[in-house]
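> Here is a sequence with its predicted model. Questions after.
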Amino acid sequence: QVKLVESGGGLVQTGDSLRLSCVVSGRTFSTAAVGWFRQAPGKERAFVAAVTWGRAGIRYSDSVKSRFTISVDNARNTVYLQMNGLKPEDAAIYFCVAGRTPASVAASPTHWGQGTQVTVSS
């Protein structure tokens, strides 16, 4: 059974940095790629970043490119999202996701975590 558990959310100020973590258990071919989505209040869930466990096919949404970095640690079955230069519009619930490829993760992830809240004060 695939399980994704996020951690690392919290309250920060504009311009601060934060790193989210997600431990993925029960990895299979259906979790060959991992990534992050986010959902701000009153908005739909939106893709943030994705990568394969082999560190290939990295992709980001335009809104976070150059500020956020996705990375993986295979030994710990963990995917990270390093967020720098946070803005109030980055405030959202961040979900760890998984799928077969970075493209499929970006379009329609197969597996979802429960989410972790990120709040950015101005």
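Ah, there it is.
> where along the protein do the strands fall?
Taking DSSP state E as the test, the strands found in the chain are 3-7, 10-13, 18-25, 33-39, 46-52, 59-60, 68-73, 78-83, 92-99, 111-112, 116-121.
> tell me what the second one is packed against?
The one in question is strand 10-13. strand 116-121 (3 or more Cβ pairs under 8 Å, 6 or more residues apart in numbering; DSSP states H and E). C-beta: built from backbone N, CA, C; applies to glycine.
> ok and the strand it packs on relative to strand 92-99, angle-wise?
With axes from the mean of the first three to the mean of the last three Cα atoms, to 10 degrees applied, the angle from strand 116-121 to strand 92-99 works out at 140 degrees.
> pLDDT averaged over strand 116-121 - what is it?
For strand 116-121, the mean per-residue pLDDT is 98.
> Pick out the residue nearest the middle of the chain.
Closest to where the C-alpha atoms of the chain average out (Cα atoms, centre = their mean) is Trp36, at 2.3 Å.
> residue contacts, that residue?
20, 22, 48-50, 70, 79, 81, 94-97 (Cβ atoms under 8 Å, 6 or more residues apart in numbering).
> Switch the residues you listed over to JSON lines; also include distance to Thr14, pLDDT and neighbour count.
Converted to JSON lines, the contacts of Trp36 look like this (distance: Cβ to Cβ, whole Å; pLDDT from 0 to 100; neighbours: other Cβ atoms under 10 Å):
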{"residue": "Leu20", "distance to Thr14": "18", "pLDDT": "98", "neighbour count": "24"}
{"residue": "Cys22", "distance to Thr14": "24", "pLDDT": "98", "neighbour count": "25"}
{"residue": "Val48", "distance to Thr14": "18", "pLDDT": "98", "neighbour count": "25"}
{"residue": "Ala49", "distance to Thr14": "21", "pLDDT": "98", "neighbour count": "27"}
{"residue": "Ala50", "distance to Thr14": "26", "pLDDT": "98", "neighbour count": "28"}
{"residue": "Ile70", "distance to Thr14": "22", "pLDDT": "98", "neighbour count": "22"}
{"residue": "Val79", "distance to Thr14": "25", "pLDDT": "98", "neighbour count": "28"}
{"residue": "Leu81", "distance to Thr14": "18", "pLDDT": "98", "neighbour count": "25"}
{"residue": "Tyr94", "distance to Thr14": "17", "pLDDT": "98", "neighbour count": "25"}
{"residue": "Phe95", "distance to Thr14": "23", "pLDDT": "98", "neighbour count": "22"}
{"residue": "Cys96", "distance to Thr14": "24", "pLDDT": "98", "neighbour count": "28"}
{"residue": "Val97", "distance to Thr14": "26", "pLDDT": "98", "neighbour count": "28"}
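> Many thanks, have a good one.
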